[in-house]
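**Q** One predicted model, sequence on top.
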Amino acid sequence: MKLIEVQNYDEMSKLASEIIIEQVQTKANSVLGLATGGTPIGMYQYLMKDFTQNKTSYEQVITLNLDEYIGLDKNNPQSYSYFMKEHLFNHINIPENQTYLPSAKSVHDEEAGRNYEKLIESVGGIDMQILGIGENGHIGFNEPGTSFSSTTGIVKLADSTREANARYFTKMEDVPTHAISMGISTIMKSRQIVLLVSGVKKAPILNQLFQTDVNENLPASILKKHPDVTVIADQEALSILKEKKGSVFS
Ligand code: F6R
């Protein structure tokens, strides 16, 4: 994993957007794997700004999101489908039928994961996958303990994940208990991965990620085995790691 240190959230967002823009400019029909949550919002804002100013075209781009809650309608403002439209798709020239999110009718919909895998394969695989990381080390919604060989399917959200995401809902009971998520092996098949880490809340897990061996209790640790991962982390996220390994970074 290559680590790029940046000052703050804004710098992380700008750099991540530049990496995506270069990808799209180099390969007009890029397949991008996208994430939701608080972390990539700034990056999406920079992509929109660039689209307005420089007209980088997404006409041939295909996007595949990591995950979606189960039980929320697409028009529900808390759904990831809505999130992506609001934060990116409605503001750039990507055709709607080239933007995909996994979706499952119920927690028993096993076909849904298989279909998403087929879809990813049919578009030639993911060129560049953007990831955030959960405070518990999850990537996508693959919670600690998930097998590294997992493929896209229904997952149960950890209590801590539901609590972390409760900020977007009126009450805790409204936070879905399950989601459909790309699997860990699915994510690992992406040709290039960019992991974004920002804020002091992520400092403990970022420290663990760099200090511990690859193991299923820390899903993101598998990224160490991928040949092309760039971690962009800001000073707050790096605070514990730098305190412990100061000399490595100086
Ligand atoms: C989102 C996703 C999650 C988030 C993670 C961090 O599509 O798959 O893994 O990246 O939960 O969320 P934030 O960015 O809100 O801290």
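**A** Looks like it came in fine. Since the model is a prediction, treat every value here as computed from it, not as a measurement.
**Q** When you work out contacts or count neighbours from here on, use the C-alpha atoms and nothing else.
**A** Will do.
**Q** what kind of secondary structure is K14 in?
**A** Taking DSSP: H, G, I helix; E, B strand; the rest coil as the rule, one finds K14 in the helix state.
**Q** Show me what from this structure comes close to the ligand.
**A** Residues of the chain that fall close to the ligand, judged by C-alpha under 6 Å from any ligand atom: 35-39, 66-67, 131-134, 138-141.
**Q** Any regions of this structure where pLDDT drops low?
**A** 246-250 (pLDDT under 70).
**Q** Narrow the residues of the chain next to the ligand to those that are buried.
**A** Listed as buried from the residues of the chain next to the ligand are 35-36, 39, 66-67, 131-134, 138-141; burial here means 16 or more other C-alpha atoms under 10 Å.
**Q** Looking at those, spot the one nearest L206.
**A** Nearest to L206 among these: I133, at 8.7 Å, using C-alpha to C-alpha.
**Q** what sits against that closest one?
**A** I139, G140, L195, L196, V197, K202, A220 (C-alpha atoms under 8 Å, 6 or more residues apart in numbering).
**Q** Now for the residues you listed: which two are most distant?
**A** Based on C-alpha to C-alpha, the longest span within the contacts of I133 runs between G140 and K202 and measures 15.5 Å.
**Q** Format the contacts of I133 as a markdown table; extra columns: secondary structure.
**A** Below are these laid out as a markdown table (three-state DSSP):
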| residue | secondary structure |
| --- | --- |
| I139 | strand |
| G140 | coil |
| L195 | strand |
| L196 | strand |
| V197 | strand |
| K202 | helix |
| A220 | helix |
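**Q** Which member of the residues you listed is positioned nearest the ligand?
**A** Lowest distance from the ligand to these (C-alpha to the nearest ligand atom) belongs to G140, with 3.2 Å.
**Q** is it true that the closest one touches A179?
**A** No: assessed by C-alpha atoms under 8 Å, G140 is found out of contact with A179, at 9.8 Å.
**Q** Could you tell me which residues touch both of the two?
**A** Counting by C-alpha under 8 Å, 6+ apart, the shared contacts of G140 and A179 are D67.
**Q** now the contacts of I133 in JSON lines, with distance to I187?
**A** As requested, the contacts of I133 are exported to JSON lines (distance: C-alpha to C-alpha, whole Å):
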{"residue": "I139", "distance to I187": "9"}
{"residue": "G140", "distance to I187": "8"}
{"residue": "L195", "distance to I187": "12"}
{"residue": "L196", "distance to I187": "15"}
{"residue": "V197", "distance to I187": "17"}
{"residue": "K202", "distance to I187": "21"}
{"residue": "A220", "distance to I187": "10"}
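**Q** So what touches the helix or strand harbouring A112?
**A** Using DSSP states H and E, A112 falls within helix 110-122. Contacts of helix 110-122 with the rest of the structure, by C-alpha under 8 Å, 6+ apart, involve 64, 102-105, 126, 151-154, 180-182, 186.
**Q** helix/strand/coil for T36?
**A** Each residue gets one of three states, and T36 gets coil by three-state DSSP.
**Q** what's the answer for I193, then?
**A** On the basis of three-state DSSP, I193 is classed as strand.
**Q** what is it paired to in the beta sheet?
**A** I193 has these beta-bridge partners by DSSP bridges: Q129, V229.
**Q** residue contacts, it?
**A** Shown in contact with I193 (C-alpha under 8 Å, 6+ apart): M128, Q129, I130, L131, D228, V229, T230.
**Q** change it to 6 Å
**A** M128, Q129, I130, V229 (C-alpha atoms under 6 Å, 6 or more residues apart in numbering).
**Q** now K244
**A** K244 makes contact with no residue under the criterion C-alpha under 6 Å, 6+ apart.
**Q** now S13
**A** Residues near S13 by C-alpha under 6 Å, 6+ apart: G42, M43.
**Q** how far out from the middle of the chain is stretch 132-148?
**A** Stretch 132-148 sits 11 Å away from the centroid of its parent chain (C-alpha atoms, centre = their mean, to the nearest Å).
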